[in-house]
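Peer 1: coords please:
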Amino acid sequence: MARKINPFLHRLGIINDWKSRWFSVDKYKQYLKNDIELRSFLEKKLENASVEDIIIERSSNSLIINIHSARPGIIIGRGGTGVEELKVAVTKMVNEKLEIKINIIEIRNHELSAKLVAQSIAEQIEKRAPFRRTLKQAIERTMQNKQAKGVKIEIAGRLDGAEMARTEWLSEGKIPLQTIRADISFAKYNSHTTYGVVGIKVWIYKGEVFDVES
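Peer 2: From the prediction side, this is the model:
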């Protein structure tokens, strides 16, 4: 049987960096659990803000959360009220006297983000759009960006309300999954429809990385 690995994990520590950046021996379990809870809370709270990634950095007296989003205005709110509300909620979840800082980082090329592409496809499928047309349009939008060298989208479930679940996929360009220096954005996402859950996987190849800043 074939063995598959997440493309991000396959390159972790080589061209990809960790999403939780801290080190602790005594409080490792506590911090790990807290990071999972924080990410779950923020992803649910900001589900309409097109959040791609949440990076958590810790030190002895501070907690920095970097939120990468294609719609930063939704998170910031009027006069920064949205960020202040998040700070209050995060402070309650941390239960430590830490200086909490939340940075909102705008994603300009959202068509190169596998997670945002998968979210867009999920929204269209939930609105009962034909899945083949939805996949083709997503691929066309991604390939219009010259940085994209290839894209593959796989979808599985009761497509268009069919009685039997099946898997369909479309691709354009190349996706060198075994090449370690290949910069591949990968994401999995679920679309909740009236006839069941439809799983979506997206791979976007953005070229090769030769020099990684340390």
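
Peer 1: where in the chain is pLDDT low?
Peer 2: The model of the chain has pLDDT under 70 over residues 1-2, 211-214.

Peer 1: on the three-state scheme, the residue lying farthest from the centre of it is what?
Peer 2: Here the centre of the chain is the reference, and by Cα atoms, centre = their mean the most remote residue is residue 163, at 30.4 Å. The three-state assignment at residue 163 reads coil, by DSSP: H, G, I helix; E, B strand; the rest coil.

Peer 1: strands of the chain, start to end?
Peer 2: Counting by DSSP state E, the segments of the chain that form strands are 20-21, 51-58, 62-69, 99-106, 150-157, 166-173, 182-193, 196-208.

Peer 1: and the fifth one, what other elements does it pack with?
Peer 2: In terms of contact count using 3 or more Cβ pairs under 8 Å, 6 or more residues apart in numbering; DSSP states H and E, strand 150-157 is assigned the packing partners helix 114-126, helix 131-143, strand 166-173, strand 196-208. C-betas here are computed from N, CA, C, even on glycine.

Peer 1: just to revisit the earlier point, quick one: which of the strands of the chain is nearest residue 30?
Peer 2: Closest to residue 30 of the strands of the chain is strand 51-58 (Cβ to Cβ; 10.9 Å).

Peer 1: list the buried residues of the closest one.
Peer 2: When burial is assessed from 16 or more other Cβ atoms under 10 Å, strand 51-58 yields the following buried residues: 51-52, 54-58.

Peer 1: looking at the helices and strands packed on strand 150-157, which is buried most?
Peer 2: Comparing the helices and strands packed on strand 150-157 by mean neighbour count (mean count of other Cβ atoms under 10 Å), helix 114-126 comes out on top with a mean of 21.

Peer 1: now do that one: distance to the chain's middle.
Peer 2: Taking Cα atoms, centre = their mean, to the nearest Å, the mean C-alpha location of helix 114-126 is offset from the chain mean by 11 Å.

Peer 1: quick one: contacts of that helix?
Peer 2: Residues from elsewhere that reach helix 114-126 (Cβ atoms under 8 Å, 6 or more residues apart in numbering): 50, 52-53, 70, 107, 110-111, 131, 134-135, 138, 141-142, 151, 153, 155, 185-193, 198, 200-204.

Peer 1: who's residue 20 bridged to?
Peer 2: Per DSSP bridges, the residues bridged to residue 20 are residue 56.

Peer 1: what count of nearby residues applies to it?
Peer 2: Neighbourhood size, residue 20 [other Cβ atoms under 10 Å]: 17.

Peer 1: my guess is it meets residue 56, correct?
Peer 2: Yes. Judged on Cβ atoms under 8 Å, residue 20 makes contact with residue 56 at a distance of 5.0 Å.

Peer 1: list residues touching both of these two?
Peer 2: Residues touching both residue 20 and residue 56 (Cβ under 8 Å, 6+ apart): residue 35.
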